[in-house]
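Peer 1: Provide a 3D model corresponding to the input given below.
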Amino acid sequence: MKVVIIGGVAGGASAAARLRRLDESAQILLLERGNHISFANCGLPYYVGGEITQEEALTLQTPESFRMRFQIEVRTNHEATAIHPQSQTITVQDLFSGESYEESYDKLILSPGAEPVRLPIPGTDALGVFTLRTIPDALGIKKFIQTNQVKNAVIAGGGFIGLEMAENLAQAGLKTTLVEAADHVMAALDYDMACEVQQYLHHKGVELVLSQRIQEIVPKEGELQVQLENGTVLSAGLVLLAAGVRPETKLAREAGLKTNERGAIVVDAHMLTSDENIYAVGDAVEVFHLVSGKPSMIPLAGPANKQGRIAADCICGLDSVYRGSQGSSVLKLFDMTVATTGLNETLAAAAGLNFDKIHIFSASHATYYPGAENLTTKVLFEKETGRILGAQLVGFGGVDKRGDVLATAIRAGMTAYDLTELELCYAPPYSSAKDPVNMAGYAIENLLTGKVQQFHWNQIEEIQKNPDAVLLDVRTHWERSQGLIPGSQHIPLDSLREHLNSLDSAKEIFVHCHSGLRSYLACRILSQNGFHCHNLSGGYRLYEIIQSNRAWENPELSAQ
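Peer 2: Next comes the predicted model:
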């Protein structure tokens, strides 16, 4: 059996190695148009910023090591230019000699990946405008910065690459501005959670320009003039285009393979395309979202590796299936960590799910042990069942650990009730006896069992206008002196029982504290004394973060 693999990196290289482990006699040929068959593309921003100092550290496998260990023929700088399904051949061009030749296959695996979106605007081909996908891209950016002594940079796009490059360019000493067309960075996050990330970026000196698109890039007097749609012009020595990726599937489409409306290759659970002899894996394929069941495109290294393994299994006669992606990811941003898994609100609404969400603010480990840091957790759940649909976490310690637990819970179809029962590893330096994951389960359980009702930050303006509603602040006097929700009444929690007669039981009471815990206690007191009570999810802390973001997004609002 002869298997040809087009493209290396995560999916293609994983498929090749798995094929050899399963079939020692198979003839395996891997074609890669670049110099590297397997490299750490997730590490490229850290090489540009100097965190990774050696170029060799980015190379996971070389053609020579692949040949020696796996007896796999690797041809770098060879590009497949056409697939001929009827004859089961491909046309290959040697990029050094320019010569083309035909190569036959019994089975073909496509792993072309995704390419950076090149904005359809004038000036993207100017000197100093870059994208970041490969090792040569990273080398080119780093050399350009050093050679031209670049002092400032503009990044177009606030996704993973954009944010990681914002961190690394800033740490390399460049004044960095990030321009994002949406109203918040990192599309996997909801707006409220992104606000905390944005507040931190401001603190670290990264300038954010949101809800703006770049109209044109103009070289002028040794700099690049970046013109925004609102008329603002940003000057930069370097511009990085990081406005997302799209599947690189021209080869598949020209071969007549089925693709979706966004150009991704349609595959079944065995990673088989519409042709019985051609498989496809990685960033170029359409997958099903594990939680929603909807077709999705989730370009991440973990799924690509798993898909490569499954394609190899199926070629070798094993009945392996891919059960879907859930988009689990983690991002380092200076000292902050951001993790997401499952659905956010936009995706849950698009899937037609009846969901709600909770926000909790917990310590990363026991507060009496030195070094505890708070982390913000948002969990989406299905109202009818309590099934966990998605989670977003932002903080400085223990974020990845809780993200992994919640990702596992989602994969296992767990509910909030299951989260309360998880027996997680505990010692004061690592966690609390009630871990933040347990606390998320308790918070949702309280809602599902009717022990409390809640409201959210985006409902506050309507509540302020409602004469039959009372906003009640149960924080301390000192906390309230540092900031408050306009129109709110103040009764500290510890004196609430003595002041119940100052509240009108005919009105709905909307209670808040700093994080939502004390206001939950207040709601339990009020509800058992005949009041109709709601608890603010995320508390005043979340409200204040969002209001701060709105102030710098709309300076005229802060002046009012």
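Peer 1: how about the nearest residue to Leu290 once chain neighbours are set aside, phi and psi?
Peer 2: Among residues not flanking Leu290 along the chain, Gly324 sits closest, at 3.7 Å (Cβ to Cβ, 6 or more residues apart in numbering). From N, CA and C alone the C-beta is placed, and that goes for glycine too. Main-chain torsions, Gly324, degrees, to the nearest 10: phi 120, psi 160.
Peer 1: just to check, Gly324 is in contact with Lys294?
Peer 2: No. Gly324 is beyond contact range of Lys294, at 9.7 Å (criterion: Cβ atoms under 8 Å).
Peer 1: more crowded one of the two?
Peer 2: More crowded of Gly324 and Lys294, by other Cβ atoms under 10 Å: Gly324, with 18 against 13.
Peer 1: and the gap between the more buried one and Val405?
Peer 2: 19 Å (Cβ to Cβ, to the nearest Å).
Peer 1: so how far is Gly530 from the residue located most distally from the centre of the chain?
Peer 2: Most distant residue from the mean C-alpha position of the chain: Asn501, 48.2 Å away (Cα atoms, centre = their mean). Separation of Asn501 from Gly530 (Cβ to Cβ): 12 Å.
Peer 1: okay, now the unreliable bits of the stretch 151-300 of the chain?
Peer 2: Low-confidence segments of the stretch 151-300 of the chain (pLDDT under 70): none present.
Peer 1: so which residues of it form helices?
Peer 2: 160-171, 191-203, 250-254 (DSSP state H, counting those that start in this stretch).
Peer 1: using TSV, lay out these together with distance to Pro303.
Peer 2: Below are those laid out as TSV (distance: least, Cβ to Cβ, whole Å):
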stretch	distance to Pro303
helix 160-171	14
helix 191-203	23
helix 250-254	18
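Peer 1: nearest residue to the spatially most central residue of the chain other than its sequence neighbours?
Peer 2: Nearest residue to the geometric centre of the chain (Cα atoms, centre = their mean): Ala188, 4.6 Å. Closest residue to Ala188 apart from its sequence neighbours, by Cβ to Cβ, 6+ apart: Thr340 at 4.3 Å.
Peer 1: specify the beta-bridge partners of Ser100.
Peer 2: Gln93 (DSSP bridges).
Peer 1: the strand or helix carrying Asn446 packs against which elements?
Peer 2: Under the criterion of DSSP states H and E, Asn446 resides in helix 436-448. Contacts defined by 3 or more Cβ pairs under 8 Å, 6 or more residues apart in numbering; DSSP states H and E place helix 436-448 against strand 355-363, strand 374-382, helix 399-411, helix 416-421.
Peer 1: follow-up on the earlier one: how many residues are close by the residue nearest to Ala188?
Peer 2: 27.
Peer 1: now do Glu445
Peer 2: 17.
Peer 1: kindly report the same for Phe288.
Peer 2: 16.
Peer 1: check contacts around Gly49.
Peer 2: Met165, Glu167, Asn168, Leu169, Gln171, Ala172 (Cβ atoms under 8 Å, 6 or more residues apart in numbering).
Peer 1: state the distance from it to Glu55.
Peer 2: When Gly49 is compared with Glu55 (using Cβ to Cβ), they lie 14 Å apart.
Peer 1: so the closest residue to Leu375 other than its chain neighbours bridges to which residues?
Peer 2: Distances taken as Cβ to Cβ, 6+ apart put Gly395 closest to Leu375, at 2.8 Å, once the chain neighbours are dropped. According to DSSP bridges, the residues that bridge with Gly395 are Thr337, Leu375.
Peer 1: do Lys357 as well
Peer 2: Leu380.
Peer 1: ok, the residue nearest to Ala188 touching Ala187?
Peer 2: No. Look at Thr340 against Ala187 with Cβ under 8 Å: they stay out of range, at 9.7 Å.
Peer 1: so what sits against both of those two?
Peer 2: Common neighbours of Thr340 and Ala187 (Cβ under 8 Å, 6+ apart) do not exist.
Peer 1: wait, what's in contact with the nearest residue to Val226 once chain neighbours are set aside?
Peer 2: The spatial neighbour of Val226 that comes closest, neighbours along the chain excluded (Cβ to Cβ, 6+ apart), is Leu234 at 4.3 Å. Leu234 is in contact with Val154, Thr177, Val179, Val209, Gln225, Val226, Leu228, counting by Cβ under 8 Å, 6+ apart.
Peer 1: repeat that for Tyr426.
Peer 2: Contacts of Tyr426 (Cβ under 8 Å, 6+ apart): Ser432, Ala433, Asp435.
Peer 1: repeat that for 7 Å
Peer 2: Tyr426 is in contact with Ala433, counting by Cβ atoms under 7 Å, 6 or more residues apart in numbering.
Peer 1: tell me how far it lies from Ile358.
Peer 2: Taking Cβ to Cβ, one finds Tyr426 at 22 Å from Ile358.
Peer 1: quick one on the thing from earlier: which residues touch the residue nearest to Leu290?
Peer 2: Taking Cβ under 7 Å, 6+ apart, one finds Val287, Phe288, His289, Leu290 in contact with Gly324.
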